[in-house]
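Peer 1: quick one: sequence and predicted model below, then my questions.
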Amino acid sequence: MPLSSKHLLGLEGVSKKEIELIFKTADIFKEVLERPIKRVPTLTGKTVVNLFYESSTRTRISFELAERRLSADIVSFSASTSSTSKGETLKDTARNIEAMKIDIVVIRHSAPGAPLFLSKILNSSIINAGDGAHEHPTQALLDMYSLREKFGKLEGLKVLIVGDISHSRVALSNIYGMTTMGIDVSVCGPATLIPRELDKLGVKIFYNLDEAIKHKNVIMALRIQLERQKVGLFPSTREYYNYFGITKERLKSAKKDVVIMHPGPINRGIELDSDIADSKYSIILEQVANGVAIRMAILYLLSGVESSLKV
Amino acid sequence: MPLSSKHLLGLEGVSKKEIELIFKTADIFKEVLERPIKRVPTLTGKTVVNLFYESSTRTRISFELAERRLSADIVSFSASTSSTSKGETLKDTARNIEAMKIDIVVIRHSAPGAPLFLSKILNSSIINAGDGAHEHPTQALLDMYSLREKFGKLEGLKVLIVGDISHSRVALSNIYGMTTMGIDVSVCGPATLIPRELDKLGVKIFYNLDEAIKHKNVIMALRIQLERQKVGLFPSTREYYNYFGITKERLKSAKKDVVIMHPGPINRGIELDSDIADSKYSIILEQVANGVAIRMAILYLLSGVESSLKV
Amino acid sequence: MPLSSKHLLGLEGVSKKEIELIFKTADIFKEVLERPIKRVPTLTGKTVVNLFYESSTRTRISFELAERRLSADIVSFSASTSSTSKGETLKDTARNIEAMKIDIVVIRHSAPGAPLFLSKILNSSIINAGDGAHEHPTQALLDMYSLREKFGKLEGLKVLIVGDISHSRVALSNIYGMTTMGIDVSVCGPATLIPRELDKLGVKIFYNLDEAIKHKNVIMALRIQLERQKVGLFPSTREYYNYFGITKERLKSAKKDVVIMHPGPINRGIELDSDIADSKYSIILEQVANGVAIRMAILYLLSGVESSLKV
């Protein structure tokens, strides 16, 4: 097994060497994705089950494309059409599906720890595709992979993450992964949305965006979860935009070659001005493109296929 | 590129020569569909994304079967399970999916012009699977293909389209395609449901079905969109049936070998008597069968696969 | 055709010899499922359509995995995203889908007899994946196959089925199949939930579980359909558990090597104590595992593939 675990539950505890192996493997698959025929037989006869208990477009499609292009057999289901409506526990659902001889489970769930729970009761490899406000490791890997592609290396980069840090699995996975890779990570957002203990993870905390933005190589805007904003953790989206929106005006105090990222889907005019999202600063679509290569790499590395990479 | 456009957005402006090429290509795939093994490797490694923003059985299944039988990699999603519920724009959804290296997008959307919009922002080929009350070009192609099969040629045929002409994308695509192919097209329906400008497209307008039906080779009944009938564009379905329903009685004034078509799903006893739908006059199931061959032809012709047809 | 019918509508009338052929075919596929590459080319180019008009996790996934591992082309749809919401009849939906050149239809429907109805209007092979309170033949086949695996033979086994016998398609299919195979079948449940005519099928009826349980080799607990319990056929789930729940205490009066089965999904603490479900007595996960092999056998035997089994 080339990685120390047969699961990818999060980036907490994943070593620099392992992340570099994932990136090198993704390089190979990225080349495959440039070919006219984008399919390789690597996972022929392996079965991957996608369990999506939360709605998703890009992550689900990205995983499915990665699985198909590796020639895996795929079964997908979303919670709304499944027996969960009959009251079955996650444990029973998962053990039953595994009894059908599957190899890998990709799970998205609103409960933090759901992938960890599955890893303890199943023999299959588990890939976390987002668990509540905990981790979203493939997103952070594709983010870092996109920065490595842009800058040539990660060590020493200064990255600012802006938004609702407390509830963001994207932020947490990136904080674990980026600090491991030697990136200098700062966060900025409303005081109500930043956990104080973050400094223990080696992260600098800012509450003023104009100040935070200076000297940074990268600004990653997080999605404001409008659908979860019932509690009112900030006064209004207008207010949020005024203090934390990434605008042309604001970027004047940033480095000339600053890079803008966003995990999507974007709320244009809230987290980012629309023209910034589509500008030369933005690598948002590169992030999406790299997502498929990163997920192919993870699926391959966890599959236990022992032969040399047949691509 | 054998067709003048890499997209199929509608039949407006598509030439007779192009439509004949599509039919000849469909002939080849129709033969494939008669084989015990109905799969050819033509689109191996190409990725097709089906974006269905309106519910559909037959069109979605027909496209998916066409794609599978061409060995394409397929990703499908319907609006209800996707990020559109998170407020993402069609533009962002589409550009994100394209960033994952896809080749063809098949889209059904309630907004007229949605496929045209996509064709302007994406590099992929776009196939319109129905956009609001605008066009549904693959349906019209399969309708004409079925008539070509039945009559040997299209030129000079007299076709009557009956129903809600104003809101029918099937009618509009057929009017464009059929007039191009030299078919003599008439329409008949309630005065509230026929746009007056149709005569500029070379279409004859009737308000009395018994009169309209005479000397026609083909009667195409359109579906009454019961689910859209809140506005009350005609008094009742009973009233509609009395004036515009295709009945045995009414067919007495038609030609002996008249052909009955319907794009489905049928409201039996409203647009058509149930026994007419199942009679020797009807080619409704042939339409469905030909749909797969036509869609295989379109997918192949737009795919940019340059080698000679490997079937 | 190795089976006397090209459909599998139920186990009523299926002979012992046919069931044995299904089991022997499943043995071959079970071996395939132990291989690292679990895919065989047996149904390449054949098209299977899964029509699920009721929600399902395990049965749908089990069929889809069986179809994929036989290399069939698959189209699946569930009622909620289809034209049935436009009021189309099952007959029209089915005939339209068949017009697209398909080979096998797998259908789950709330109406008893829906698969029989399809078998009369379609040329495809029909497989019943559960029709109302009528039959669920593949479930009963996998149940018996699991017992054959456990005990080496079926003849002479004493099986007790516990629960809502009246509304259970699992019970009825097992009663037909098991009595054919020479199994001694008893049932036990609330008097309101057991049809009196069952004794005509050669089934013993018990109302007291402690008495029923004695000398049985197998106890099959049925799922209580909580979602259908509006009518109140028993007072409460607590009451049900007290009289008919399978508990450690209760198993003291059973044979030492009694086998516990359940078709899933389990309501833990109602039909079964949670620790019984996970105990050495339980073969619940073996049932699930065998489901894929049984369904591969059925798909193969009904497919009309005439060559010798290419696995």
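Peer 2: Okay, I see it. Residues are numbered from 1 along each chain as shown, chains lettered A, B, ... in the order given.
Peer 1: where are the low-confidence patches of the stretch 1-150 of chain A?
Peer 2: Regions of the stretch 1-150 of chain A meeting the criterion pLDDT under 70 cover residues A:1, A:79-87.
Peer 1: swap in 80 and give it another go.
Peer 2: By pLDDT under 80, the low-scoring segments of the stretch 1-150 of chain A are A:1, A:55, A:78-88.
Peer 1: in it, which residue sits closest to chain C?
Peer 2: Using Cβ to the nearest Cβ, the point where the stretch 1-150 of chain A gets nearest to chain C is A:G45, with a distance of 3.0 Å. To be clear about C-beta, it is placed using only N, CA and C from the backbone, and glycine gets the same treatment.
Peer 1: that residue: how many residues sit nearby?
Peer 2: Applying other Cβ atoms under 10 Å in any protein chain shown, we find 17 residues neighbouring A:G45.
Peer 1: please report how far it lies from C:R39.
Peer 2: Shown here: A:G45 relative to C:R39, a distance of 5 Å by Cβ to Cβ, to the nearest Å.
Peer 1: and for those two, which residues touch both?
Peer 2: Residues touching both A:G45 and C:R39 (Cβ atoms under 8 Å, 6 or more residues apart in numbering or on different chains): A:D73.
Peer 1: first to last residue in stretch A:275-285, what's the distance?
Peer 2: The distance separating the two terminal residues of stretch A:275-285, taken as Cα to Cα, to the nearest Å, comes to 14 Å.
Peer 1: okay, domains of chain A per the record?
Peer 2: Listed domain ranges for chain A are A:16-136+A:290-302, A:137-288 (source: automatic domain parsing).
Peer 1: the residue of the stretch 1-150 of chain A closest to chain C: what secondary structure?
Peer 2: Reduced to three states with DSSP: H, G, I helix; E, B strand; the rest coil, the structure at A:G45 is coil.
Peer 1: can you tell me which residues contact the residue nearest to it when sequence neighbours are not counted?
Peer 2: Here the nearest residue to A:G45 in space, its sequence neighbours aside, is C:I37; by Cβ to Cβ, 6 or more residues apart in numbering or on different chains that works out to 3.0 Å. Contacts were defined as Cβ under 8 Å, 6+ apart; by that measure C:I37 touches A:T44, A:G45, A:K46.
Peer 1: A helix includes C:I37, no?
Peer 2: No: when classified by three-state DSSP, C:I37 is found to be coil rather than part of a helix.
Peer 1: and the next helix or strand past whichever helix or strand A:T138 is part of?
Peer 2: Remark: A:T138 resides in helix A:137-151, with elements defined by DSSP states H and E. Proceeding N to C from helix A:137-151, the next assigned helix or strand is strand A:158-162, under DSSP H and E.
Peer 1: that next one: how far from the chain's middle?
Peer 2: 15 Å (Cα atoms, centre = their mean, to the nearest Å).
Peer 1: got the buried residues for the helix or strand following it?
Peer 2: Proceeding N to C from strand A:158-162, the next assigned helix or strand is helix A:169-180, under DSSP H and E. Residues of helix A:169-180 classed as buried: A:R169, A:V170, A:A171, A:L172, A:S173, A:N174, A:I175, A:Y176, A:G177, A:M178, A:T180 (neighbour count, 16 or more other Cβ atoms under 10 Å in any protein chain shown).
Peer 1: show me what the next helix-or-strand element following helix A:169-180 is packed up against.
Peer 2: For helix A:169-180, the following helix or strand on the C-terminal side (DSSP H and E) is strand A:184-188. Contact analysis of strand A:184-188 by 3 or more Cβ pairs under 8 Å, 6 or more residues apart in numbering or on different chains; DSSP states H and E lists strand A:158-162, helix A:169-180, strand A:204-206, helix A:209-212 as its packing neighbours.
Peer 1: closest to chain C out of these?
Peer 2: Each of these has some distance to chain C by Cβ to the nearest Cβ; the shortest is helix A:169-180, at 25.5 Å.
Peer 1: quick one: check that closest one for contact with chain B.
Peer 2: No: where contact is defined by Cβ under 8 Å from any Cβ of the partner chain, no part of helix A:169-180 touches chain B; the two come within 14.3 Å at best.
Peer 1: including distance to C:P137, could the domains of chain A go into a markdown table?
Peer 2: Output for the domains of chain A, formatted as a markdown table (distance: least, Cβ to Cβ, whole Å):
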| stretch | distance to C:P137 |
| --- | --- |
| domain A:16-136+A:290-302 | 19 |
| domain A:137-288 | 41 |
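Peer 1: quick one, which of those domains is packed in tightest?
Peer 2: Per residue and on average, the most neighbours among these fall to domain A:16-136+A:290-302, with a mean of 21 (mean count of other Cβ atoms under 10 Å in any protein chain shown).
Peer 1: now it: how far from the chain's centre is it?
Peer 2: The gap between the average C-alpha position of domain A:16-136+A:290-302 and the chain average comes to 13 Å, counting by Cα atoms, centre = their mean.
Peer 1: what of stretch A:6-18?
Peer 2: Centroid separation for stretch A:6-18 versus its chain: 13 Å, with Cα atoms, centre = their mean.
Peer 1: ok, stretch A:162-181 next?
Peer 2: Stretch A:162-181 sits 10 Å away from the centroid of its parent chain (Cα atoms, centre = their mean).
Peer 1: tell me which parts of the stretch 51-200 of chain A are close to chain B?
Peer 2: Taking Cβ under 8 Å from any Cβ as the criterion, the contact residues of the stretch 51-200 of chain A with chain B come out as A:55-58, A:60-62, A:64-65, A:68-69, A:78, A:80.
Peer 1: now with 7 Å?
Peer 2: Proximity of the stretch 51-200 of chain A to chain B is assessed by Cβ under 7 Å from any Cβ of the partner chain, with A:S55, A:S56, A:T57, A:R58, A:I61, A:S62, A:E64, A:L65, A:R68, A:R69, A:S78 identified as the residues in range.
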